[in-house]
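Asks: generate a structure from the sequence data that follows.
(chains A and B)
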Number of protein chains: 2
Amino acid sequence: MVKRLKNKYRLAFIVGDLTTTIDSDRIEEHGVDVIQINTGKMCHLDANLVKKALEHLDVKRLDLLFIENVGNLICPAEFQLGSDQRIVIISVTEGPYMVIKHPLSFIDTDVVVINKIDLSVAMDVNVTKLVRDALNINPNIKVVKTNCRSGEGVSKVIEALGL
Amino acid sequence: MVKRLKNKYRLAFIVGDLTTTIDSDRIEEHGVDVIQINTGKMCHLDANLVKKALEHLDVKRLDLLFIENVGNLICPAEFQLGSDQRIVIISVTEGPYMVIKHPLSFIDTDVVVINKIDLSVAMDVNVTKLVRDALNINPNIKVVKTNCRSGEGVSKVIEALGL
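Replies: Here you go, the predicted structure:
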């Protein structure tokens, strides 16, 4: 997605993680600005942490800023970060209950990405049921199915975000 | 595991989850006592919630009590529940970074179960690396690899718990 967007928009990323820089390192390889926030023990980003990270970016020269939250489907849901749109990404490989067990993560979300759909048979997970669970929680959600390794569906995520 | 232990021990379960009873329903099918704690928005159990749940159990008549925490690898790590031993279960299908990204969940843990090892090839996840990551964080951890669907490794989990 970074590869597809970086020639069209001036991009930057704020990436939250407890202690590692695995995700930010991967994004940085594409030559875009990345600010890493390591939260230590904290299970989510908050607006204050984002504000501090913004001091390291020349925001006026950006078209798009992505904020990647700490990876859990519970705590981040309760903290508004000032974003225009919210995306939740789950993977089929996380099992059949990821949506139904985390309603708060879907209720205020604009786009839901269901990734690794190529592994639904191996996992015995019904993707249609995951989509239905998300729409039951919030009928206005745009749900996109992807296989990010092959690139399948990535253009639909970009479209769902109106980019 | 319930099936294997219920004839040897008087068992009960306390099961934490935000809003659903999916896990407790599955355990209850085995005819053992299960107390469901629905935390609503709260991302972990705490000792006070466990204490309240214990009021519904005849503890003196039990040999073993399992407390299944809310499913996230960040927040539960910080709250002692009074258990004798702690187990963390991850699945190969959650990806290659589940251990390295959540050091606090492994530092005070006795047993780590790595489940769904049959899907390591489909997932392109190196199980040996996951084991090494866990032992790097805490060399005293007992790591057991399982495929719970087939039953592979389950007896080793029981053994690791000294049961």
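
Asks: low-confidence ranges in chain A?
Replies: For chain A, applying pLDDT under 70 flags no range at all.

Asks: end to end on stretch A:87-96, go ahead and measure it.
Replies: End-to-end distance for stretch A:87-96: 19 Å, by CA to CA, to the nearest Å.

Asks: next one: stretch A:78-94
Replies: Stretch A:78-94 has an end-to-end distance of 22 Å (criterion: CA to CA).

Asks: give the buried residues for that stretch.
Replies: Buried positions in stretch A:78-94, judged by neighbour count with 16 or more other CB atoms under 10 Å in any protein chain shown: A:81, A:86-94. Bear in mind the C-beta positions are built from the backbone N, C-alpha and C, glycine included.

Asks: just the ones in strands from those residues, please.
Replies: Counted as lying in strands by DSSP state E, out of the buried residues of stretch A:78-94, are A:87-91.

Asks: nearest to chain B, of the buried residues of stretch A:78-94?
Replies: Within these, the smallest distance to chain B is 3.8 Å, found for A:Thr93 (CB to the nearest CB).

Asks: so that closest one touches A:Lys116, yeah?
Replies: Yes - counting by CB atoms under 8 Å, A:Lys116 is a contact partner of A:Thr93 at 5.1 Å.

Asks: tell me, how many residues neighbour the closest residue in space to A:Leu81 that isn't next to it in sequence?
Replies: Excluding its sequence neighbours, the residue lying closest to A:Leu81 (CB to CB, 6 or more residues apart in numbering or on different chains) is A:Val50, at 5.1 Å. Using other CB atoms under 10 Å in any protein chain shown, A:Val50 is surrounded by 21 other residues.

Asks: A:Ile141 too?
Replies: A count of nearby residues for A:Ile141, using other CB under 10 Å, gives 21.

Asks: quick check: it vs chain B, distance?
Replies: With distances taken as CB to the nearest CB, to the nearest Å, A:Ile141 is found 18 Å from chain B.

Asks: who's in contact with that residue?
Replies: Shown in contact with A:Ile141 (CB atoms under 8 Å, 6 or more residues apart in numbering or on different chains): A:106, A:109-112, A:134-135.

Asks: next SSE downstream of the helix ranked longest in chain A?
Replies: Secondary structure of chain A per DSSP state H: the longest helix is helix A:127-137. Next helix or strand after helix A:127-137 toward the C-terminus (DSSP states H and E): strand A:142-145.

Asks: distance between that next one and the chain's centre?
Replies: 12 Å (CA atoms, centre = their mean, to the nearest Å).

Asks: show me where chain A has strands.
Replies: Under DSSP E, chain A gives strands at A:11-17, A:33-38, A:64-68, A:87-91, A:111-115, A:142-145.

Asks: contacts for the fifth one next, please.
Replies: Contacts with strand A:111-115, where a contact means CB under 8 Å, 6+ apart, come from A:85-92, A:99, A:106, A:127, A:130-131, A:134, A:141-148, A:153, A:157, A:160-161.

Asks: okay, the angle between it and helix A:127-137?
Replies: 160 degrees (axes from the mean of the first three to the mean of the last three CA atoms, to 10 degrees).

Asks: report the angle between strand A:111-115 and strand A:87-91.
Replies: 20 degrees.

Asks: and what of the third one?
Replies: Calculated by the same axes, to 10 degrees, strand A:64-68 forms an angle of 50 degrees with strand A:87-91.

Asks: tilt between strand A:64-68 and strand A:11-17?
Replies: Angle, strand A:64-68 to strand A:11-17, by the same axes, to 10 degrees: 10 degrees.

Asks: now strand A:64-68: buried residues?
Replies: So, applying 16+ other CB under 10 Å, buried residues of strand A:64-68: A:64-68.

Asks: for chain A, what lies in contact range of chain B?
Replies: Neighbours of chain B within chain A, by CB under 8 Å from any CB of the partner chain: A:17-20, A:22, A:41, A:43, A:70-75, A:78, A:91, A:93-95, A:97, A:100-104, A:119, A:122-123.
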